[in-house]
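> Kindly generate the corresponding structure for this input.
(chains A and B)
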Amino acid sequence: MKTILRRLLVPIASLRLTVVCLATALVLVLAGTLAQVNINPVEAQQQYFQSWFIWWSAGGGGFKMPVFPGGHFVGAVLLFNLIAAHIHRFSWSWSKAGIQLTHLGLIVMLAGGLATDLFSVSSHMYLRQGETKNYSDDDIRTELAVTEQTSGATNRVIAIPGEVLSACGTTSHEALPFKIVVKGFYPNADLQMVGQENGPSVPAASNGAGAQIGIKALPTFSEMNKRNKTSAVVELLSNKGEKSLGTWLVSVEIDQGQDFEVDGRHWSMALRFARYYKDYSLSLISFTHETYPGTEIAKGFSSIITLADVKHNENRQVKIYMNHPLRYLGDTYYQSGYQSDNSTILQVVRNPSYQAPYISCVIVSLGLLMQFTYHLVGFARRANAAKAL
Amino acid sequence: MNRSIPYLILLVAVIWLGSLWLPKKTKANDFDVSTFSRLPVLTGGRIKPLDTVARNSLLIMSRKQSLKLASGESMSASRWLAELWFNPLVADTYPTFYVANQEVLGMFGWPQADKRYCTFAELQPKLQKIDEEGSAAADKNAKSRSPFEVAIFDLRSSLLLYQQLKLSIHLDGTENFSKEIETYATTLTAAATKLSQSQTPPDKDQTAFLRSAAARYEQQANATNILAVAPPAGGKEADWRSTGATLMRLNSAEAIPASLAAFADLSDAFRAQDTATFSRVAKEYSGWFSIAHPEWTGKTHFEQLFNQVEPFKQGMVLYISAFLLACSSWLVCPRGLRKTALLLLVLAFAVHSFGMFSRMYLQSRPPVTNLYSSAIVVGWGATIIAMVLEYLFRYGIGTAGAGVVGFVTLLIAHNLGSNGDTLEMQVAVLDSNLWLATHVVVITLGYSAMLLAGVLAIVYVILGLATTKLTRELAHVLTSMVYGVLCFATLFSFVGTVLGGIWADQSWGRFWGWDPKENGALLIVLWCALILHARWGGMIRQRGLMAMTICGNAITAFSWFGVNMLGIGLHTYGFMSKAFPWLMAFIILQAVLALLTRLPASRWLSFRNAERRVLTAAGFRPLA
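Coordinates of the predicted model:
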């Protein structure tokens, strides 16, 4: 049994495999970097690094074939290689301790990187001065929130994911006395008032805000700091007799919900970025943008925030600024940008493995330092001995 | 060679360096430009001496830090600045603009090739044409400009800077500035008194005068980015104003600020060729400033001295001397020359360190803040490692390696520094001394070690191929050196890269984003790991190690400069298309050198008659 395991382990633990993996990784990183000249970073990242294979399609047609291992492939092989080598060659001695430690640190880093790829979620919180929020917005995913306006303290919200809308079908929900038919879904669009100079001539919808607004589809943004103006045109059909109640334009650009009435019940609907609710809230006291005297060079951006958490009895002021994020209950808030009305944009990252690189860095540095010091001392000793001769 | 000769040579070099520190003496009946050059202004976000403003502006326009007049005489940058500010009609006749592009000269209808420097007066009739062509070039992406477009764009920028700089103190055509502001102040007071005492508005003449003056001051304030007027004692950096803004805000009850009065007097005295008054006012104002603002005086004076000494220029001379002497030591007089080379290297290192630490003091920042300073630190780090190598193995190889890396990196820095102020302010995300001191310094030292290892590998190839000096022992020593330095490069590059990731996690919310600069750093780490593993696995021997280390030079150059030339990503702090051909030439050269290691033993002069054991150690296949 032991010998079979060993036999299996030997090729996986081979140094030659390590060298091949490193060389492949090198080519991959170089290619993925140069590719960014022509395609945007996010796409390059997905194609080259967050993939098992790099695919090549002949003449843009449907036929695709893998031409090179992708980042996940190389990373996984390297990880197996590392672990196997660790098991296979592990022996405790001072001369090897540094190398062992270095590789242990690398395992932590690669595993942490994988976990980040799989589990980390990034969103944004937009706060105007004085505004309080207990949720952050997804950067891409949207939802259509339909709320019944009742006199009670809480209203039930039915959220239909953007993925469902984008299929342009008909959606119904047991709690809704109407069906929603998506007439058009725009991942990104330009909204303009009808009748403006060079503007649209036809309104996008028959009811609500869309009766004055025209819509034009736009290609989606891929830059990190730009949000798509996702929009949709929906038609509501009454459950009774499938009667059309008219069409509405919903968009993340339209802040307020649009009210309508079905069979005497009052409803409101709005397309918004998918929300991540928190158990606490943040409110913006002030945002400041400093420049160096006599120049336009940004010296710093900072947001002063009140963090309120009833559950944990927390109520304090926090300053979030460049290189100084707020970490609270697994969420990290970064100063990401600002809007012209002095409202702040905070990036919110939930990454359960964010500490992996920190731990790994310490372990690997220690390991490399131990190893090289060990060599250097031995080396200087030999050099001195040679000199003495 | 006599034992004391190396020390004598060192002494001569030290005396030569010392002479640069002495302040330039002003002739009895000349303007005291030396004091003038130390006067402070606030521009580009920090307080600097006029000397720095003058040198950096001249560097952009004429690519030199001093002016060569038509008469063949040389003029200091500060003197030129005084002329431009206070006597612009004369300054317009100085050959200030560097124009070398044939097409641009042809466009002006000037005989080609015999002209390099133009005066503003010559260019004035062509301003409209230059502006048209220059704006067209400006609209284009920096990467797709033709040489003509680059040249015309640069010339347009220089001309804009020149015209802007002219208006730093007052508008063109001002005759008697002191008198003008005095009249302005008294009129202002009179009008205000009249208004407050008798509730009647000032008379028409007064109003018209004040209006037209205010319009001119506003024009000046909008045009300039030089804040020449210091706040009174106790004021903050944000309280500095341009002369125009000061005059516009002048309160009738207020005295004219000391800086404004001083610059007005300097201007009038200079135009009147009144050297005595100019020198006296400069000294008095400098004295006032050092009493009112001792907190800013030290740095401004030191910066002027730093400019004057030009430590990196002297460092270049010393490095190249050390390199040449170390190489010569392998041919003649080994002990004496090696010693002299090492002494000069130590001196070069001292001067280099002085320059680096001066910059740190002036900026109150860790050493690397931009591409320019990274070049300085790469050379500095490589020299330290090389001196340790020289201490361990006294072959002169460490000295030669340090000499060449030191010289080349300072030369690179010199060329990168031609865009103006190299002590620029840091944008918000970089405003973190902790990370600048850790991540950036460590990664830069990684470059140092990579390049030094690469140079040592090149020494191996050249000595082995072209000389008979590469004995078995020396080959072994060089291999140890390269291996040791590579280990350091691995350590620094890895730690530096991970620290960068942690910084990114702190400021952008992700540890790794596959940004080009991050990938560049990763390439170095991967390459180091590849070499070390290939060696541990016995896949490469001496020559293989050398070949791969030489390729490491190319990877380092790509990571350091290449990714910046792609013009993409978050780290594009130093785009330089002009350097692209140099980078390509460097990479090709490394490839050729690496290929040379594959030549058979019979082509290596050193290995031609070597025994089999030596050849196997070097990685030649044993003969059947």
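
> all helices for the stretch 101-250 of chain A, in order.
Using DSSP state H, counting those that start in this stretch, the helices found in the stretch 101-250 of chain A span residues A:162-166.

> Residues of it that sit close to chain B?
By the rule Cβ under 8 Å from any Cβ of the partner chain, the part of the stretch 101-250 of chain A lying against chain B is A:109, A:113, A:116, A:120, A:122. C-beta coordinates here come from the backbone N, C-alpha and C atoms, glycine included.

> Nearest spatial neighbour of the fourth one, chain-adjacent residues omitted?
It refers to residue A:120. Closest residue in space to residue A:120, ignoring its immediate chain neighbours: residue A:351 at 3.8 Å, by Cβ to Cβ, 6 or more residues apart in numbering or on different chains.

> Check the second one too.
In space, residue A:113 comes closest to residue B:512 once its chain neighbours are excluded; the distance is 6.8 Å by Cβ to Cβ, 6+ apart.

> and the residue in chain A that chain B sits nearest to, what pLDDT?
Using Cβ to the nearest Cβ, the closest approach of chain A to chain B is made by residue A:292 at 3.1 Å. Residue A:292 is assigned a pLDDT of 84 by the prediction.

> In the chain, which residue is most central in space?
Reading this off chain A. Nearest to the mean C-alpha position of chain A, counting by Cα atoms, centre = their mean, stands residue A:122 at 3.7 Å.

> looking at chain B here, not the other one
Nearest to the mean C-alpha position of chain B, counting by Cα atoms, centre = their mean, stands residue B:417 at 3.0 Å.

> mind checking pLDDT for that residue?
pLDDT at residue B:417 comes out at 82.

> Who are the contact partners of it?
By Cβ atoms under 8 Å, 6 or more residues apart in numbering or on different chains, residue B:417 lies in contact with B:59, B:372.

> How about the residue lying closest to residue B:427 once chain neighbours are set aside: which residues does it bridge to?
Sequence neighbours aside, residue A:298 is the residue nearest to residue B:427 in space, at 5.6 Å (criterion: Cβ to Cβ, 6+ apart). Residue A:298 has these beta-bridge partners by DSSP bridges: residue A:291.

> how close does residue A:298 get to residue A:290?
7 Å (Cβ to Cβ, to the nearest Å).

> interface residues of the stretch 151-300 of chain B facing chain A?
The stretch 151-300 of chain B comes close to chain A at residues B:225, B:227, B:237, B:238, B:240, as judged by Cβ under 8 Å from any Cβ.

> Which of these ranks first by neighbour count?
Among these, residue B:227 has the most neighbours (other Cβ atoms under 10 Å in any protein chain shown), with 25 neighbours.

> For that one, give me the backbone phi and psi.
Backbone torsions of residue B:227, given as degrees, to the nearest 10, read phi -100, psi 100.

> residues contacting it?
Neighbour list for residue B:227: A:293, A:294, B:41, B:42, B:43, B:240, B:241, B:242 [criterion: Cβ under 8 Å, 6+ apart].

> Tally up the residues packed near the residue of chain A closest to chain B, please.
Quick note: residue A:292 (other Cβ under 10 Å) scores 21 neighbours.

> repeat for the one 3 residues further on
The local packing count at residue A:295 equals 17, with neighbours defined by other Cβ under 10 Å.

> That one is in contact with residue B:226, isn't it?
No: counting by Cβ atoms under 8 Å, residue A:295 stays clear of residue B:226, with 11.6 Å between them.

> so where's the stretch 451-600 of chain B shaky on pLDDT?
Residue ranges of the stretch 451-600 of chain B with pLDDT under 70: B:567-578.

> meant to ask about the stretch 251-389 of chain A, not that
Within the stretch 251-389 of chain A, the stretches with pLDDT under 70 are A:386-389.

> Equivalent analysis for the stretch 51-200 of chain B, please.
B:111-115, B:142-143.

> Please enumerate the strands of it.
All strands of the stretch 51-200 of chain B, identified by DSSP state E, counting those that start in this stretch, fall at B:66-68, B:74-76, B:95-98, B:117-119.

> about what we covered before: ok, now which ones touch the closest residue to the residue of chain A closest to chain B other than its chain neighbours?
Counting by Cβ to Cβ, 6+ apart, residue B:45 is the residue found nearest to residue A:292 once chain neighbours are left out, at 3.1 Å. By Cβ under 8 Å, 6+ apart, residue B:45 lies in contact with A:292, A:293, A:294, A:295, A:297, A:299, B:424, B:425.

> Just to be sure, the fourth one is in a helix?
This means residue A:295. No: counting by DSSP: H, G, I helix; E, B strand; the rest coil, residue A:295 is not part of a helix but coil.

> Grab the nearest non-local neighbour of it.
Setting aside the residues directly before and after it, residue A:295 is nearest to residue B:45 in space (Cβ to Cβ, 6+ apart), at 4.5 Å.

> re the thing from before, and the contacts of residue B:227, which is closest to residue B:505?
residue A:293 (31.4 Å; Cβ to Cβ).

> what's the neighbour count on the closest one?
Neighbours of residue A:293 (other Cβ under 10 Å): 21.

> That one contacts residue B:44, doesn't it?
No: using Cβ under 8 Å, residue A:293 is not in contact with residue B:44; the gap is 9.8 Å.

> buried sites along stretch B:181-201?
By neighbour count on 16 or more other Cβ atoms under 10 Å in any protein chain shown, the buried set for stretch B:181-201 is B:181, B:184, B:185, B:187, B:188, B:191.

> give the contact list for the residue of chain A closest to chain B.
Going by Cβ under 8 Å, 6+ apart, residue A:292 touches A:299, B:44, B:45, B:46, B:425.

> Tell me who's in contact with the residue nearest to the fourth one when sequence neighbours are not counted.
So the one you mean is residue B:46. In space, and not counting its chain neighbours, residue B:46 is closest to residue B:425: 6.3 Å by Cβ to Cβ, 6+ apart. Residues near residue B:425 by Cβ under 8 Å, 6+ apart: A:292, A:295, A:297, A:299, B:44, B:45, B:46.

> And residue A:2, what's its pLDDT?
Per-residue pLDDT puts residue A:2 at 65.

> Ok, residue B:422 next?
With respect to pLDDT, residue B:422 scores 81.

> Same check on residue B:387?
As predicted, residue B:387 sits at a pLDDT of 92.

> in what helix or strand does it lie?
Assigned by DSSP states H and E, residue B:387 falls within helix B:371-392.

> need the next SSE after that helix, C-terminal direction.
Heading C-terminal from helix B:371-392 (DSSP H and E), you reach helix B:397-416.
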